[in-house]
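Student: Turn this into a structure:
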Amino acid sequence: MQDFTGVPCVVDLATMREAVTELGGDPAKVNPLAPAELVIDHSVIIDVFGRPDAFERNVDFEYERNKERYQFLRWGQGAFDEFKVVPPGTGIVHQVNIEHLARVVMTRGGQAYPDTLVGTDSHTTMVNGLGVLGWGVGGIEAEAAMLGQPVSMLIPRVVGFKLTGEIPAGSTATDVVLTITEMLRRHGVVGKFVEFYGEGVGAVPLANRATIGNMSPEFGSTAAIFPIDDETIRYLKLTGRSDAQIELVEAYAKEQGLWHDPAREPVFSETLELDLSTVVPSIAGPKRPQDRIELTDAKSSFRKSVHDYTDDAEPAPLPHNHVDEAGRESFPASDAPALAFADDDAEPVVVHSAANGNEGRPTRPTLVKTPDRGEFELDHGAVVIASITSCTNTSNPSVMLGAALLARNAVDRGLSVKPWVKTSMRPAPRSSPTTTRRPASGRTWRSSATTSSATAARPASATPARWPRRSPRPSTRPTSRSSRCCRATATSRAGSTPTSR
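Tutor: Predicted structure coming up:
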């Protein structure tokens, strides 16, 4: 769970302990009955951007604003069993989950069973890419699971999604997921499980699988899971899981029939098929991710869609001025009229404008004056936020490297960030081999003013109980006043069946 929903959960547990104390019982007996993990990642605000010190400044602001909350959560981490807190500045919750927290195969009480979970965020399904069944639920359902109550549900229909071929050069996991979203939305998968199978599964890296699983809420499905295979094992090794855990995952999956067999045709309620080699570069929008637009059609699609958002007219042809009139009155073979200005030696005033190239589309240039970025003109369709923050992208090395190379090429060709664009990047944990860990790519991000603005560059594989030095230290348990402030939510990870966590 993330911190917005986790704080009320810990509040409830603290309140239960107070009630037990008042009744003369032992408050230490009030604990989660299933493993619960909280990742502090939702509270950061990007106050500072486009500067080398943006990350450090934003983290400092975060600690100042949320000191009391972090004191409370640190107290909860030490007070309750089966409860871990990942400190702020470590990574996005779903990335931390797939790179450190997810076990794939759980062991408790001398028994091994498939790892499953419920989370208080719709994109909990990112862990489906690792072969772990999980999905997002409401706070009440999650807290009930944490306290040992089963998650009840009707047996869902399962849509088999067969993958063949390989992703072509020039296309990314984002293009694949937008294509899959379009197909599944058209098919209708609300309330259903989606399971990927076929020979093409082995050609999909785990980072791409996580990207696809992450988008399950956009499909409308409850979960979109990949099988366990050699790629799963490779990823577990890459992210520093223990040899014993990796051996357990492989042996258990093969023994229980959970290991992927490319040649097998399972029986599903419904089936779809996609040849990955047919995927082309795409963008989402203008309103919904299933409204996929091929990149080659982006300009024409924008110019068509912008009419749905404004009644402003297209620009009129430029009016004739005295120079045009003088030109018309001159003899055809004579020299063009000379231009004269009041101050030919004056420095030209450069005002960046988003209205450049507005011919053929609605326009209303608006002058904006800022103390730190000067004057500029905004117009319909101007990109004002360029933010690489979603776990859908930042946990995917190929997508991040592609973005870095694009930024490098843009800088090398003399392009720069326009003054109206707010840039930010929320990098993945260090265990994800993304561009933020590579010096050459760091130069590119700095040159393009896309500096790391939020979320830490600390390893997700670090012990969750270890807080950064600047973290405030609580010395006492929370007061009754603070412990009764909110309704509780939670996320838990336990149980021997998919419905018990």
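
Student: where in the chain is pLDDT low?
Tutor: 42-44, 315-350, 426-501 (pLDDT under 70).

Student: please redo it, this time with the cut-off set to 50
Tutor: 320-323, 330-334, 339-342, 430-431, 433-447, 454-501 (pLDDT under 50).

Student: Show me what counts as buried in stretch 106-114.
Tutor: Using 16 or more other Cβ atoms under 10 Å as the test for burial, stretch 106-114 gives 106, 112-114. Every C-beta, even on glycine, is put in place using the N, C-alpha and C of the backbone.

Student: Among the residues you listed, which one lies nearest to P156?
Tutor: When the buried residues of stretch 106-114 are compared for distance to P156 (Cβ to Cβ), P114 wins out at 16.5 Å.

Student: For P8, grab the count of nearby residues.
Tutor: P8 has 19 neighbours, counted by other Cβ atoms under 10 Å.

Student: whoops, I mixed them up, A169
Tutor: 5.

Student: ok, back up a step: which members of the buried residues of stretch 106-114 are positioned in strands?
Tutor: 106, 112-114 (DSSP state E).

Student: Would you mind giving the buried residues of stretch 106-114 as a markdown table with distance to D41 added?
Tutor: Output for the buried residues of stretch 106-114, formatted as a markdown table (distance: Cβ to Cβ, whole Å):
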| residue | distance to D41 |
| --- | --- |
| M106 | 24 |
| A112 | 30 |
| Y113 | 28 |
| P114 | 26 |
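
Student: Which members of those are the farthest-apart pair?
Tutor: Longest span within the buried residues of stretch 106-114, Cβ to Cβ: A112 and P114, 8.7 Å.

Student: Overlap of the contact sets of these two?
Tutor: Listed as contacting both A112 and P114 by Cβ atoms under 8 Å, 6 or more residues apart in numbering are 105-106.

Student: Which parts of the stretch 151-300 of the chain are strands?
Tutor: Counting by DSSP state E, counting those that start in this stretch, the segments of the stretch 151-300 of the chain that form strands are 158-164, 193-197, 223-225, 270-275, 282-283, 293-294.

Student: Show me what the longest one is packed against.
Tutor: Spelled out, it's strand 158-164. helix 173-187, strand 193-197, strand 270-275 (3 or more Cβ pairs under 8 Å, 6 or more residues apart in numbering; DSSP states H and E).

Student: can you tell which of the ones you listed is closest to G119?
Tutor: Of all these, strand 193-197 comes closest under Cβ to Cβ, at 16.2 Å.

Student: Give me the sheet partners of that closest one and which way each runs.
Tutor: The pairing partners recorded for strand 193-197 under DSSP bridges are strand 158-164 (parallel), strand 223-225 (parallel).

Student: which residues sit against the longest one?
Tutor: Think strand 158-164. 180, 184, 187, 189, 192-201, 203-204, 221, 224, 266, 268-276.

Student: Are any of those residues buried, and if so which?
Tutor: With burial judged by 16+ other Cβ under 10 Å, the buried subset of the contacts of strand 158-164 is 180, 184, 187, 189, 192-198, 200-201, 203-204, 221, 224, 268, 271-272, 274, 276.

Student: Okay, G160 and A79: tell me how far apart.
Tutor: From G160 over to A79 the distance is 45 Å, taken as Cβ to Cβ, to the nearest Å.

Student: And for F61?
Tutor: F61 is 28 Å from A79, by Cβ to Cβ.

Student: who's more crowded, those two?
Tutor: A79 (19 against 15).
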